[in-house]
Every structure is written in C-alpha cells, then in structure tokens.
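J.: Kindly generate the corresponding structure for this input.
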Amino acid sequence: MAIAARFDLEICQLDVVTAFLNGKIYPHKPVFVELPNGARILGMVAQLNRALYGLKDSPLLWYKEFSSTLEELGLQKSREEPCLFTND
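T.: As a prediction, the model looks like this:
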C-alpha cells in the first residue's frame, strides 16, 4: 500500500471464493482422507487431487497455482515481496 501511495498507483484487490479448491496436490506428496458419513466403506479412504479448506498445505498450493498463472500472463514477482506482482 505504501508503494502504491508513493507512486500514485491504482490498486486492484480480488477475492476468489473457492480459491483453495483450485490448488493441485502434487503426486509425490499424496493426501488421503476418510470418506464422509453415508459414503463410508470399511477400510477405504480417498486420495485427494485438489486441496480442501482445512488442509495445512492448502494456502501454499493455492499460492503456487495462482502465482504461476500470473507469471504465465507476463507479470513479475517482486524480489522483496513475493505476493506483489507487477507488469513493467
């Protein structure tokens, strides 16, 4: 915010309602969960392909997915602040 104020820049803020559901779980670090009531089968679990709210890794998985998309669109990540992207 200080940078935007200093250089009189416009700020854009977004909210992605289902953000964590878009984070892909990497195959080398699988996540397994118990099936919910009503679908539970004795001795069976499910392997997740996407992150869920409540998983410890969900914020990082979402950030990696989102930042890689912004970089593909030509935005550059700031060295000082990794959540700041610019289009020089």
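J.: Isn't V33 up against L48?
T.: Yes. Proximity of V33 to L48 meets the contact threshold set by CB atoms under 8 Å, at 6.2 Å. Where C-beta positions appear, they are placed from N, C-alpha and C, glycine not excepted.
J.: residues contacting the closest residue to F85 other than its chain neighbours?
T.: Excluding the flanking residues, the one nearest F85 by CB to CB, 6 or more residues apart in numbering is L75, at 4.0 Å. Shown in contact with L75 (CB atoms under 8 Å, 6 or more residues apart in numbering): 85-87.
J.: Only the buried members of those: can you turn that into a ChimeraX selection?
T.: Selection of buried members from these for ChimeraX, criterion 16 or more other CB atoms under 10 Å:
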select :85
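J.: D8: which of the contacts of L75 is nearest?
T.: Using CB to CB, T86 comes nearest to D8 of the contacts of L75, at 14.8 Å.
J.: who does the closest one bridge with?
T.: Q76 (DSSP bridges).
J.: Give me the mean pLDDT for stretch 54-74.
T.: Mean pLDDT, stretch 54-74: 91.
J.: Any chance you could list what contacts it?
T.: 16, 19-20, 22-25, 29, 31, 48, 51-52, 77, 82-83, 85, 87.
J.: same question, stretch 6-15
T.: Stretch 6-15 has contacts (CB under 8 Å, 6+ apart) with 1, 3-4.
J.: and the spatially most central residue of the chain, how far is that from T86?
T.: Nearest residue to the geometric centre of the chain (CA atoms, centre = their mean): W62, 0.7 Å. W62 is 21 Å from T86, where distance means CB to CB, to the nearest Å.
J.: Doesn't T69 belong to a strand?
T.: No. Membership of T69 in a strand is not supported by DSSP: H, G, I helix; E, B strand; the rest coil, which gives helix.
J.: are any of the contacts of stretch 54-74 buried, and which?
T.: 19-20, 23, 25, 31, 51, 85.
J.: and those residues, which two are the farthest apart?
T.: Using CB to CB, the buried ones among the contacts of stretch 54-74 span at most 28.0 Å, a distance reached by V31 and F85.
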